[in-house]
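Colleague: Build me a structure from this.
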Amino acid sequence: MSFENTEYRQEVLDLDNPFDIKLVYNFLKPLGFEFDPGEVEFTLILYALNGDLIGTGSHKGKILKYVAVSTKYRDSTAFALIVTTLTERVLAVNKNTYVFTRPANAKYFKGIGFKEIASAKPLFTVLEFGFETIVNYQDYLRSIKATTKTEKIASIVVNCNPFTKGHRYLIEKAAMENELVYLFVVEEDLSVFPFAVRWKLIKNGINHLNNVVMVKGGDYIVSGSIFPAYFLKNESISDIMKKQAELDVSIFANYIIPVLGIRKRYVGTENYCKTTAAYNEAMKTILPTVGVNIVEIERITSSENPQNPSMCISASLVREAIKNNTLCDMMSCLPDSTRDFLLSAESKEIREKIKNSVERH
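Modeller: Residues are numbered from 1 along each chain as shown. Prediction:
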């Protein structure tokens, strides 16, 4: 995606230079953006040859951010130049890229090849571009799709950071009540327990269930690309968080359910995490409209814990116990696979990371 243009001059923002940051901040503020240099890893500035700052764009990982062009240059090639430059940079190390934008601005990205995959009006439309797209993820789902005799097909989405008896109880209940359960595991490595570890603990913990198919979540199930608010330590509920949850659930409804024939989605009641509670509310609003029932299961409690027998089992409480050196109090909440891992030398690095961290995930 090469792009040559002699009408403009490009510069890379120095994210350590307060003057550069203020320059971009002041440019974006009237256009409706609050530029935060902590949210980006690269920022491009575009000047007209007369020296006027006419546009900017940034990215963090796979996500394009703060892409804007001054009103005077909206009909020029400036927007395409910025997006093309950023996209080439991202695709040099990734297979795809995403952009969040206002629904009214989606047409500009579509005009240069981006495809809309979901919208949560009035705040967000998310579009993607790249060598692999959601179509490729659907192909993956078809490759692991199991044959059933009935339509009793359920789904669960878990992060399992780490895997607890509460997760196992939810999975076992769904497996008992349905012919088949698709268990989606969040693949994004933004949790303290890496995906490979979480996958192994779950797999070893449910190997007695022969009607559960484990599924990699990819970029489309509670990922940092579509639902970044899930991985933030800020627990305040905002419109942004709610709309990102809506985007994630909409993708599940429109692209995943039709491929796998899912009829139910199981969730546990949420007592601790406001982000997950907001996500559950989005599911209750959207999924019934596509014929999927939400089955909400009451969390089980740690009756074996003498200090707090009514305490609901939660992965966040397990992490808190690790941080506070009180893991022995949570052992009754852990299946063998997780307990054995946490007591082994293999988990030392993770345990140390939790003890030294201030983040919720």
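Colleague: Low-confidence bits of the protein, can you list those?
Modeller: 1-6, 223-240, 270-273, 302-312, 358-361 (pLDDT under 70).
Colleague: any chance you could map the strands in it?
Modeller: Along the chain, the segments classed as strands by DSSP state E run 8-12, 42-48, 53-60, 63-69, 96-101, 115-120, 124-130, 153-158, 180-185, 212-216, 264-268, 293-297.
Colleague: which residues sit against the last one?
Modeller: Right, the one you point to is strand 293-297. 154, 169-170, 173-174, 177, 263-269, 280, 283-284, 287-288 (Cβ atoms under 8 Å, 6 or more residues apart in numbering). Heads up, the C-betas are built off the backbone N, CA and C, glycines and all.
Colleague: For residue 129, list the residues it contacts.
Modeller: Contacts of residue 129 by Cβ under 8 Å, 6+ apart are 87, 96, 97, 113, 114, 115.
Colleague: Counting neighbours, which bits of stretch 182-197 end up buried?
Modeller: Of the residues in stretch 182-197, 182-188, 190-193, 195, 197 count as buried by neighbour count, 16 or more other Cβ atoms under 10 Å.
Colleague: if I look at the nearest residue to residue 69 once chain neighbours are set aside, how far off is residue 203?
Modeller: Computed as Cβ to Cβ, 6 or more residues apart in numbering, the closest residue to residue 69 that is not its neighbour in sequence is residue 55, at 4.0 Å. Applying Cβ to Cβ, to the nearest Å, the value for residue 55 to residue 203 is 48 Å.
Colleague: ok, now residue 39?
Modeller: 35 Å.
Colleague: Then residue 258?
Modeller: 27 Å.
Colleague: Check residue 195 too.
Modeller: 12 Å.
Colleague: got the contact list for residue 132?
Modeller: Contacts of residue 132 by Cβ under 8 Å, 6+ apart are 95, 96.
Colleague: Would you map the helices across the stretch 201-350 of the chain?
Modeller: 239-251, 257-260, 274-286, 315-323, 336-342, 348-355 (DSSP state H, counting those that start in this stretch).
Colleague: what separates the second one from the chain centre, distance-wise?
Modeller: On the basis of Cα atoms, centre = their mean, to the nearest Å, helix 257-260 sits 20 Å off its chain's mean C-alpha point.
Colleague: so what does that helix touch, helix or strand wise?
Modeller: The contact analysis (3 or more Cβ pairs under 8 Å, 6 or more residues apart in numbering; DSSP states H and E) places helix 257-260 against helix 134-144.
Colleague: Would you mind listing the outside residues contacting the helix it packs on?
Modeller: With Cβ under 8 Å, 6+ apart as the criterion, helix 134-144 contacts 117, 128, 213, 215-216, 218-220, 251, 255-256, 259-260.
Colleague: Same list (the residues you listed) but as TSV, adding neighbour count and distance to residue 159.
Modeller: Output for the contacts of helix 134-144, formatted as TSV (neighbours: other Cβ atoms under 10 Å; distance: Cβ to Cβ, whole Å):
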residue	neighbour count	distance to residue 159
117	20	22
128	22	22
213	16	18
215	21	13
216	15	13
218	18	14
219	24	15
220	23	15
251	22	17
255	17	20
256	22	17
259	14	22
260	20	20
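Colleague: Now the two most distant members of those residues.
Modeller: 128 and 213 (25.5 Å; Cβ to Cβ).
Colleague: Of the helices of the stretch 201-350 of the chain, which is nearest residue 59?
Modeller: helix 239-251 (17.7 Å).
Colleague: how far away is residue 267 from residue 197?
Modeller: 23 Å.
Colleague: hmm, I was thinking of residue 341
Modeller: Taking Cβ to Cβ, one finds residue 341 at 7 Å from residue 197.
Colleague: Ok, residue 101 next?
Modeller: 35 Å.
Colleague: Same question for residue 162.
Modeller: Applying Cβ to Cβ to residue 162 and residue 197 gives a distance of 8 Å.
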